[in-house]
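# build me a model from this:
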Amino acid sequence: MRDLLYIFIRIVVLVGCFSHMSLKKLSNRPRNTAQYMQENLHSRMTGSIMSSADQTHRKTRLGVPGDMSSAKANGQILSLVGSGRARSRSLLTELSGLSRATVYQKLGNLIDAGFIRETEETLPSGGRPTRALDLNRDFAVVLCADIGEQHIRVALTDLRPTILAEISETFDILRGPTVVLEWIEEQFEALLAATGKGATDVIGIGIGLPAPVDYANGRVVGPSVLVGWDNFDIRGHLGQRFGVPVYAENDVNLLALSDHRQRRSAVSEMVFVKIGTGIGCGIISEGRLYRGAQGAAGDIGHIQFAREPAPLCRCGKVGCVEARAAGWAIARELRSEGIKAHNARDVTELVRSGQPLAIHLVRESGRILGEVMTSLVSILNPKVIVIGGTLATLDDHLLAGVRELVYKRSLPLATRDLEIAISPPDPDAGIVGAALLVIEEQMKEDNIDAVIARYSQRLSQ
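Numbering: from 1, shown residues only. Reported below is the predicted structural model:
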């Protein structure tokens with residue numbers, strides 16, 4: 001009995017202690033619902049204030065040293081938006097493979113830092129419409145130069161690209177690469193000063209050249225009209241002065257890029273043929289510039305015809321397409337008959353004035369180009385052939401020969417849906433193409449981390 005009584009007393013003591021502890025906890029709670037909500041609201045407001053303060057540091061968080069996974073995610077998202085592949089949060093999540101929470105966090109950081117913006121356009125999302133995402137086209141600028149055979153044009157653009165300021169001047173490019181590039185550098189600095197920009201605002205430099213270009217190394221490879229430029233380090237020369245990536249490209253490739261992005265972006269397979277003072281070709285395949293192994297793809301001006309007589313070409317060979325059909329070659333033929341002409345512009349003026357020999361030579365030029373394009377159609381099977389350049393304005397005379405040969409000699413399957421079009425004259429095409437090249441290269445995942453790091457350093461200064 002004593003043992004049972006002892007056990008009972010112990011149980012009563014333990015129950016009493018437990019009840020006292022429970023009452024103490026209850027007494028520490030808010031006395032009513034209103035008090036509880038007030039304290040909870042205070043806690044939330046404190047958290048919001050901390051989040052707001054934290055947002056002011058988002059710009060610096062973009063470039064936290066050593067945080068490679070975070071930087072990779074930032075770069076991946078900016079690349080997808082900047083390249084136009086993703087315009088919504090849901091598509092960002094799908095294409096990036098990142099979690100929804102990570103995408104939203106990184107996207108918020110990039111918006112706050114000024115890389116990305118939400119547009120007024122709305123997109124369907126399966127529920128409430130969402131605002132479309134786009135690259136902030138004002139967070140940086142591009143420096144561009146379009147080097148022609150007789151003139152140079154330099155410009156500064158935003159990331160749309162829209163030309164913000166420009167300088168154009170007649171210039172003798174045979175003075176050599178050092179003289180020409182130093183003049184371009186001086187004009188670049190004048191453009192930056194005139195627009196209130198600095199070197200830290202520049203995302204990159206694009207240069208168009210009337211010559212074969214080894215794109216991977218940024219060097220002209222001769223022979224070409226750029227005598228003395230062969231193997232000159234254009235990228236190193238300009239990059240040393242401005243400290244940004246430099247992209248040197250053949251001028252016709254830039255014209256092809258400009259025409260495609262502005263007028264025919266839905267076309268995946270396209271050939272752009274320039275016929276002016278010289279002849280060249282830019283190839284768009286699967287929506288991208290195709291350069292070949294060394295950057296020489298599309299150099300149709302120096303395909304040789306086994307036909308007599310074989311005229312001497314500016315490259316030093318004989319029988320080239322350019323020596324038979326380019327503006328300078330037509331002008332040479334006209335001069336040999338005592339008719340004053342020096343370049344493609346002179347030829348177009350003579351044709352418009354009704355000069356019989358000039359009209360005949362332009363039509364013959366179209367037939368020669370038609371032979372070349374027949375091979376292009378058979379090999380590349382483009383959806384569209386676009387013809388641009390000074391002589392392209394003579395479309396009635398030039399296109400007749402092109403169409404005649406292409407449709408006569410190509411297989412029906414290749415020409416069934418083929419379109420042959422004229423690119424309207426656009427004096428800005430070379431500059432816009434150079435700017436587009438820089439923007440697209442810098443938005444690639446391989447380069448985007450350096451863009452973020454460079455811009456973040458500018459913010460911290």
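# confirm Glu121 sits in a strand?
Yes. Assigned with DSSP: H, G, I helix; E, B strand; the rest coil, Glu121 falls within a strand.
# what sits against the nearest residue to it once chain neighbours are set aside?
For Glu121, ignoring the flanking residues on the chain, the nearest one in space by Cβ to Cβ, 6 or more residues apart in numbering is Ala132 at 4.2 Å. From N, CA and C alone the C-beta is placed, and that goes for glycine too. With contacts defined as Cβ atoms under 8 Å, 6 or more residues apart in numbering, the neighbours of Ala132 are 87-88, 118-119, 121-123.
# state the distance from Ala132 to Asp172.
48 Å (Cβ to Cβ, to the nearest Å).
# please apply the same query to Val179.
As for Val179, its distance to Asp172 is 9 Å (criterion: Cβ to Cβ).
# what strand or helix carries Ile385?
strand 384-388 (DSSP states H and E).
# all helices for the stretch 1-150 of the chain, in order.
With DSSP state H, counting those that start in this stretch as the criterion, the stretch 1-150 of the chain has helices at 2-27, 33-55, 58-61, 68-82, 89-96, 100-112.
# which stretch in those helices has the least confidence?
Mean pLDDT per stretch puts helix 33-55 lowest among the helices of the stretch 1-150 of the chain, at a mean of 34.
# quick one: buried residues of stretch 275-294?
Across stretch 275-294, burial judged by 16 or more other Cβ atoms under 10 Å covers 275-284, 289-291.
# now render those residues as JSON lines, adding pLDDT and secondary structure.
Listed next are the buried residues of stretch 275-294 as JSON lines, based on pLDDT from 0 to 100; DSSP: H, G, I helix; E, B strand; the rest coil:
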{"residue": "Ile275", "pLDDT": "94", "secondary structure": "strand"}
{"residue": "Gly276", "pLDDT": "92", "secondary structure": "coil"}
{"residue": "Thr277", "pLDDT": "90", "secondary structure": "coil"}
{"residue": "Gly278", "pLDDT": "91", "secondary structure": "coil"}
{"residue": "Ile279", "pLDDT": "95", "secondary structure": "strand"}
{"residue": "Gly280", "pLDDT": "94", "secondary structure": "strand"}
{"residue": "Cys281", "pLDDT": "96", "secondary structure": "strand"}
{"residue": "Gly282", "pLDDT": "97", "secondary structure": "strand"}
{"residue": "Ile283", "pLDDT": "98", "secondary structure": "strand"}
{"residue": "Ile284", "pLDDT": "98", "secondary structure": "strand"}
{"residue": "Leu289", "pLDDT": "97", "secondary structure": "strand"}
{"residue": "Tyr290", "pLDDT": "97", "secondary structure": "strand"}
{"residue": "Arg291", "pLDDT": "95", "secondary structure": "coil"}
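# which of the residues you listed sits closest to Asn381?
Ile283 (11.6 Å; Cβ to Cβ).
# from Ala296, how far out is the residue lying closest to the closest one once chain neighbours are set aside?
Distances taken as Cβ to Cβ, 6+ apart place Tyr290 nearest to Ile283, at 4.3 Å, with adjacent residues excluded. For Tyr290, the distance to Ala296 (Cβ to Cβ) stands at 11 Å.
# number of nearby residues for Ala297?
Counted with other Cβ atoms under 10 Å, residues neighbouring Ala297 total 18.
# with the one 10 residues further on instead?
Using other Cβ under 10 Å, Arg307 has 10 other residues around it.
# same question for the one 10 residues further on.
Applying other Cβ under 10 Å, we find 14 residues neighbouring Lys317.
# before we move on, what about Arg128?
Neighbour tally, Arg128, other Cβ under 10 Å: 7.
# so what pLDDT did it get?
77.
# again with Gly295
pLDDT recorded at Gly295 is 89.
# confirm for me that it is in contact with Pro212.
Yes. Between Gly295 and Pro212 there is a contact at 7.0 Å, judged by Cβ atoms under 8 Å.
# between the two, which contacts overlap?
221, 250.
# follow-up on the earlier one: how close does the residue nearest to Glu121 get to Pro124?
Ala132 is 11 Å from Pro124, by Cβ to Cβ.
# same check on Val432?
In terms of Cβ to Cβ, Val432 sits 32 Å off from Pro124.
# and the two? Which one has more around it.
Neighbours were counted for Val432 and for Pro124 using other Cβ under 10 Å; Val432 has more, 26 against 9.
# how about that one: what's its closest non-neighbour residue?
Distances taken as Cβ to Cβ, 6+ apart place Ser258 nearest to Val432, at 4.6 Å, with adjacent residues excluded.
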